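J.: Predicted model, plus sequence, below.
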Amino acid sequence: MTAPPPRPALRADAQRNYERLVRAAGEVFAERGVDVPMDDIARHAGVGNATLYRRFPTRTALLQAVHHDRIDALCSQARTLLATPSPAEGLATWLRELARQGSTSRGLATAVMIALRDEGSDVAWCREAMFAAASALIDRAQSAGAVRTDVTAAQVLKLVNAIAFVTECEPDGEQQADRLLAVVMDGLRPHEERDAAPDGASR
């Protein structure tokens with residue numbers, strides 16, 4: 001499973017500024033969206049504009065840094081969930097966390113997904129990491145007969161990203177994302193399992 005690239009080693013003071021900027025960017029992006037002026041992020045972090053642009057010359061570079069820890073955590077969780085007794089529940093747990101992060105990020109997930117389409121993007125590593133994590137969980141669930149075999153990791157990730165997109169500005173976005181994801185999980189079950197389920201089951 002592909003892991004996010006390691007962060008460069010920095011001097012202690014530079015490391016502190018790096019962490020302050022990434023933390024501030026995450027907070028400002030979540031509150032105001034990813035199009036907020038970069039200067040506002042520097043002010044929120046309590047550093048000068050020169051410090052911000054020295055560390056993050058582009059908005060995409062800053063998005064990558066904010067997303068780095070989230071991707072790292074999701075990949076780590078996927079590896080752990082591969083050992084759970086229920087492949088279907090392991091997949092559902094991971095997709096819920098993916099949707100939850102997207103639905104509370106105010107455009108962060110969408111911005112990263114757009115960047116992923118560019119092979120030369122600074123966040124192109126996300127594509128390999130996320131597809132590898134999703135594929136491992138989906139392949140395991142398909143092998144166990146818990147997920148239909150005619151769906152791909154790319155399709156499932158698009159569905160979850162769509163859920164995150166439509167719920168991110170809702171006051172109860174996380175709850176709505178959970179309900180929509182339950183519908184997706186029901187649709188991923190093999191046809192025979194859904195046909196055999198009693199009325200109202202998994203709905």
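T.: That came in fine, so what should we check first?
J.: So residue 129 sits against residue 71, correct?
T.: Yes. The criterion here is C-beta atoms under 8 Å, and residue 129 meets it with residue 71 at 5.5 Å. C-beta here means a position set from N, CA and C on the backbone, and glycine is covered the same way.
J.: could I get stretch 155-171 in CSV with only the CA atoms?
T.: These are the backbone C-alpha positions of stretch 155-171, laid out as CSV (Å, rounded to 0.1, in the frame of the first residue of the first chain):
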residue,chain,number,x,y,z
GLN,A,155,-16.0,4.2,-8.7
VAL,A,156,-16.4,3.9,-5.0
LEU,A,157,-14.0,6.8,-4.2
LYS,A,158,-16.0,9.0,-6.6
LEU,A,159,-19.2,8.1,-4.8
VAL,A,160,-17.7,8.9,-1.4
ASN,A,161,-16.2,12.1,-2.7
ALA,A,162,-19.6,13.1,-4.1
ILE,A,163,-21.2,12.5,-0.7
ALA,A,164,-18.6,14.6,0.9
PHE,A,165,-19.1,17.4,-1.6
VAL,A,166,-22.9,17.6,-1.2
THR,A,167,-22.8,17.5,2.6
GLU,A,168,-19.8,19.6,3.5
CYS,A,169,-21.8,22.9,3.9
GLU,A,170,-24.8,21.3,5.7
PRO,A,171,-25.0,21.9,9.5
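J.: quick one: that stretch to chain centroid distance?
T.: Relative to the chain's own centre, stretch 155-171 is displaced by 10 Å; criterion: C-alpha atoms, centre = their mean, to the nearest Å.
J.: Next: stretch 170-184.
T.: Using C-alpha atoms, centre = their mean, the offset of stretch 170-184 from its chain centre is 15 Å.
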